[in-house]
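S.K.: how would this look folded up:
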Amino acid sequence: MSRDALDLALLFGIQGKIKSNAAHAVHGCTSVVEGRMPRDHRRPTFPPSTLKCPPDPRPHTMLLKLSRQLVLFIIVGLVLVLVDWAVFSLLFYLGMPLVPANVLGRAAGACLGFYLNGRITFAEAGVARLGRHRMLRFVIAWVAWTALGTLLMHHSREIFGAHAPYLAKPVIEAFLAGLSFLSSRFYIYR
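M.R.: Reported below is the predicted structural model:
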C-alpha cells in the first residue's frame, strides 16, 4: 500500500489491521507489522514493541558512502600514482629494463595502497579493513592489473618509441585505477 493509498484509507475511515506495505510506507521498515487505525483517523498507531525493523539503509545513504569512497580512493590513488611513477621513472632512467621497473614501481604503490585504502577509504566506522584474506584478494587483483599494465606499457614502447612509457604510464594507470576501484569496492574490501 503506498503512502497515498494509506492516506485515502485514513480519509475514508477504513478500520482494521494494516500489514507490511502500510508499515513500510509509514515507518520505513519491511517486516510484517500489524496495527489498528485510530478512531480519529490520523495515522495507524503501532506500539513500539511490535516494530522490529532493522535499520534500513536508504539509497541516498549508500550513494553518499559510495561517493565518499570514490573521492577518497581518487585522493589515495593520486598519491600512489606519483609513488609508482617516481619509482618506475627512477629505475628506468638508471637503466633497469622496463618490465621489472614497472613491476617494482607498482609494488611500491601497492604496498602503500593496500594500507591506505584499508585504513581510510574502505574502513567501516573507523575500523580498518585489513587482514590476510583481504591481502590475498588484493594480491590476486594486483597481479592481474600489473600484468595488464605491463602489457600495455610494452605495447606503447613498441608502437610509439623508447620514450613513450614515461608519458603512457600515467594514462595507463588512470585506466587501471577505475578497474582497481571496482575490484577494491566489490571484491577486496567487501
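
S.K.: CA atoms for contacts and neighbours, from now on please.
M.R.: Noted.

S.K.: for the chain, what are the low-confidence residue spans?
M.R.: Within the chain, the stretches with pLDDT under 70 are 1-60.

S.K.: Now do the helices in it.
M.R.: For the chain, the helices defined by DSSP state H occupy 3-11, 20-27, 59-93, 98-116, 132-160, 164-183.

S.K.: Now Ser183. Nearest residue, chain neighbours left out?
M.R.: For Ser183, ignoring the flanking residues on the chain, the nearest one in space by C-alpha to C-alpha, 6 or more residues apart in numbering is Ala141 at 7.1 Å.

S.K.: Ala125: which of the helices of the chain is closest?
M.R.: helix 59-93 (11.5 Å; C-alpha to C-alpha).

S.K.: If we go by neighbour counts, what in that closest one is buried?
M.R.: Residues of helix 59-93 classed as buried by neighbour count (16 or more other C-alpha atoms under 10 Å): 69-70, 72-74, 76-78, 80-81, 83-85, 87-89, 91-92.

S.K.: how close does the spatially closest residue to Ala107 that is not a sequence neighbour get to Thr61?
M.R.: The shortest distance from Ala107 to any non-neighbouring residue, by C-alpha to C-alpha, 6+ apart, is to Asp84 (7.7 Å). Relative to Thr61, Asp84 is positioned 34 Å away (criterion: C-alpha to C-alpha, to the nearest Å).

S.K.: re earlier: contacting residues around the residue nearest to Ala107?
M.R.: For Asp84, the contacting residues are 105-109, by C-alpha atoms under 8 Å, 6 or more residues apart in numbering.

S.K.: For it, give its distance to Ser67.
M.R.: To Ser67, Asp84 is 25 Å away according to C-alpha to C-alpha.

S.K.: Same check on Ala108?
M.R.: 27 Å.

S.K.: One more: Met153?
M.R.: 30 Å.

S.K.: Next: Leu104.
M.R.: The value you get for Leu104 to Ser67, if C-alpha to C-alpha is used, is 31 Å.

S.K.: Same list, the contacts of Asp84, but as a markdown table with distance to Glu173 and neighbour count please.
M.R.: Formatted as a markdown table, the contacts of Asp84 follow (distance: C-alpha to C-alpha, whole Å; neighbours: other C-alpha atoms under 10 Å):
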| residue | distance to Glu173 | neighbour count |
| --- | --- | --- |
| Gly105 | 11 | 24 |
| Arg106 | 9 | 26 |
| Ala107 | 13 | 18 |
| Ala108 | 14 | 19 |
| Gly109 | 11 | 21 |
